[in-house]
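Participant: Fold the following.
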Amino acid sequence: MLRFDIAPVCSNAYRFQAAMSFTIAAVYLFTSYQWVAFLLAFGGLLRGFVSPHKCLSYRLFAAITGRLGWTRKVNAGAKMFADKIAAVAGTAMAVSWLMGAEFGAIPATAILIFALVDLATGFCAACWAYGFWYKLRSA
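Facilitator: Residues are numbered from 1 along each chain as shown. Okay, the predicted model is just below:
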């Protein structure tokens, strides 16, 4: 479902967001600083459930890509869906850390892999799933 109630977002700025998600997942998995999961959860909640345009990191990355001439606007719906998934994964990671459990490694590994794919190729798996879901529903 396309989102026309929210201004389009820059897909290249979202690649910078993928770099942040990759970094947070790597820090979570490979250091003792697992509290960084709260950053992923908060960013995902803000961008996915409120608006990407309210998020300081997105605004910074959009300004950088705009200044470099890398602006490529896309509909916000799929990117917001990806952020909702990041919010759920970040929340699961944070809860796991607070409980002293190990299940947070599962969503962290998924974020690490899918963010790396997005960084390397520009393919957003959550965005593809979002589009595929709505194609199935309209058929």
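
Participant: Does residue 82 touch residue 123 like I think?
Facilitator: No. Using Cβ atoms under 8 Å, residue 82 makes no contact with residue 123, being 11.6 Å away. Where you see a C-beta, it was placed from the backbone N, CA and C, and this is true even at glycine.

Participant: more crowded one of the two?
Facilitator: residue 82 (27 against 11; other Cβ atoms under 10 Å).

Participant: Which element, helix or strand, includes the more buried one?
Facilitator: Secondary structure from DSSP states H and E places residue 82 in helix 76-99.

Participant: That helix: how far from the chain's middle?
Facilitator: 8 Å (Cα atoms, centre = their mean, to the nearest Å).

Participant: and it, what other elements does it pack with?
Facilitator: Where contact means 3 or more Cβ pairs under 8 Å, 6 or more residues apart in numbering; DSSP states H and E, helix 76-99 is packed against helix 11-30, helix 37-45, helix 105-121, helix 125-138.

Participant: Restricting to C-alpha, output the first one in CSV.
Facilitator: Extracted as CSV, the C-alpha positions of helix 11-30 are listed here (Å, rounded to 0.1, in the frame of the first residue of the first chain):
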residue,chain,number,x,y,z
SER,A,11,16.3,5.6,-0.7
ASN,A,12,20.0,6.4,-0.5
ALA,A,13,19.5,8.0,2.9
TYR,A,14,18.0,4.7,3.9
ARG,A,15,21.1,2.9,2.8
PHE,A,16,23.0,5.0,5.4
GLN,A,17,20.3,3.9,7.9
ALA,A,18,21.1,0.3,6.9
ALA,A,19,24.7,1.0,7.7
MET,A,20,23.6,2.2,11.2
SER,A,21,21.5,-0.9,11.6
PHE,A,22,24.4,-3.1,10.5
THR,A,23,26.7,-1.4,13.0
ILE,A,24,24.2,-1.7,15.9
ALA,A,25,23.7,-5.4,15.2
ALA,A,26,27.4,-6.0,15.0
VAL,A,27,28.0,-4.1,18.2
TYR,A,28,25.2,-6.1,19.9
LEU,A,29,26.6,-9.4,18.7
PHE,A,30,30.3,-9.0,19.1
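
Participant: Having no further points to raise, I will conclude here.
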